[in-house]
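Chemist: The amino acid sequence is not available; the structure is as follows:
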Ligand code: HEM
Ligand SMILES: CC(C)=CCC/C(C)=C/CC/C(C)=C/COP(=O)(O)OP(=O)(O)O
């Protein structure tokens, strides 16, 4: 039976085109890419005093979005056998065999090339840095780090942390220390974001033979690491204010958000209850969304006040 067919009474029926579209969309990890684009957009806005140029915003978001989606699709291809072993991922299009591997590879390549060409219209620096992030996630993390060390997501997290810098260079064509501060924020946020989920899904990762921290070092140790990284995030979170990049609104907003994250991590370590690791993971997503909104609000407030 062709993989694009399903068994029905009396024969086979092709998958509906809506289902096929849905599968290709799923391969791009749309919610993750949306969050990556938000951090890129904030990087673009913080790079200049007023509103960034429309061409840089549109081409930058489209290009970074296409390359991120390509990286996610490559991840689906390369991880399909591991995805098939985990309850969270066994229903994915490639793991289930609904999309054939060669079609997914072509899809990812088209997104990758299109994204590169779009970013090239802006500047070579952004095109190459974004491509490096794609390689970092799709190859270095997915193929090697993920299966090699429990520090996989710490090192691999650099690719996911890059979009604020990519947004910044899309607008200015140059690297800037303030853009690197934004990268540091996402980089420090990633371990508690992921390890909270990995605690919740520990048995899944063990079954698939993936050496995530709760599998190799135990849940108690991972909870300690989550707490330490939330404390580190609170310190890194002070840097935008200490360096004069952001003002009082940012300091107040980020402090509330970071203290909230520390609160979740403390409860996870010292007063855990069923479902709290999952709640901590969910909080991490709202935390990052709100943190970048606060950075933006603070930046525009400063522009209004001068
Ligand atoms: C190496 C770094 C990272 C790892 C290993 C990781 C891992 C994961 C995993 C496994 C999920 C799926 C959870 C589920 O079962 O629903 C997830 C969800 C999510 N991640 Fe991450 N993540 C990383 C970095 C990032 C970054 C940098 C961002 C954005 C800036 C991000 C944003 C999100 C969002 C928005 C979701 C929710 C998606 C949904 O609800 O479908 N992640 N992450
Ligand atoms: C060009 C650019 C900015 C690239 C970065 C692209 C990108 C999609 C980064 C997000 C990181 C992420 C979702 C990791 C989870 O992978 P996983 O394999 O551990 O999770 P899974 O088991 O859910 O697939």
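Modeler: Alright, I've got the coordinates. Values in this document were obtained by computation on a predicted structure and should not be read as measured data. Ligands and ions are numbered 1, 2, ... in the order given.

Chemist: can you map out the helices along the stretch 1-150 of the chain?
Modeler: All helices of the stretch 1-150 of the chain, identified by DSSP state H, counting those that start in this stretch, fall at 17-27, 30-46, 54-78, 80-83, 101-120, 124-135, 146-148.

Chemist: which residues sit in contact with residue 259?
Modeler: The contact partners of residue 259, taken as Cβ atoms under 8 Å, 6 or more residues apart in numbering, are residue 234. For glycine as for every other residue, the C-beta is placed from the backbone atoms N, C-alpha and C.

Chemist: How many neighbouring residues does the nearest residue to residue 296 once chain neighbours are set aside have?
Modeler: Leaving out its chain neighbours, the residue that sits closest to residue 296 by Cβ to Cβ, 6 or more residues apart in numbering is residue 42, at 5.1 Å. Residue 42 has 22 neighbours, counted by other Cβ atoms under 10 Å.

Chemist: ok, now which ones touch residue 42?
Modeler: Neighbouring residues of residue 42 by Cβ under 8 Å, 6+ apart: 164, 167, 182, 292, 293, 295, 296.

Chemist: Pull out the buried members of these.
Modeler: Listed as buried from the contacts of residue 42 are 164, 167, 182, 292, 295, 296; burial here means 16 or more other Cβ atoms under 10 Å.

Chemist: quick revisit: what is the most widely separated pair among the contacts of residue 42?
Modeler: By the measure Cβ to Cβ, 167 and 293 form the most distant pair in the contacts of residue 42, at 14.7 Å.

Chemist: And stretch 277-291, what's buried?
Modeler: Those would be 277, 280, 281, 283, 284, 287, 288, 291, for stretch 277-291 by 16+ other Cβ under 10 Å.

Chemist: if we can go back for a sec, roughly how far does the residue nearest to residue 296 sit from residue 288?
Modeler: Distance, residue 42 to residue 288, using Cβ to Cβ, to the nearest Å: 11 Å.

Chemist: can you check residue 273 too?
Modeler: Look at residue 273 and residue 288: by Cβ to Cβ, they are 24 Å apart.

Chemist: do the same with residue 146
Modeler: Residue 146 sits 21 Å away from residue 288, going by Cβ to Cβ.

Chemist: and the residue in the stretch 101-250 of the chain positioned nearest to ligand 1, what does it touch?
Modeler: In the stretch 101-250 of the chain, the residue that lies nearest ligand 1 is residue 160 (2.8 Å; Cβ to the nearest ligand atom). For residue 160, the contact set (Cβ under 8 Å, 6+ apart) comprises 36, 133, 137, 186, 190.

Chemist: got the contact list for the spatially closest residue to the last one that is not a sequence neighbour?
Modeler: The shortest distance from residue 190 to any non-neighbouring residue, by Cβ to Cβ, 6+ apart, is to residue 157 (3.6 Å). Applying Cβ under 8 Å, 6+ apart, one finds that residue 157 lies in contact with 186, 187, 190, 191, 194.
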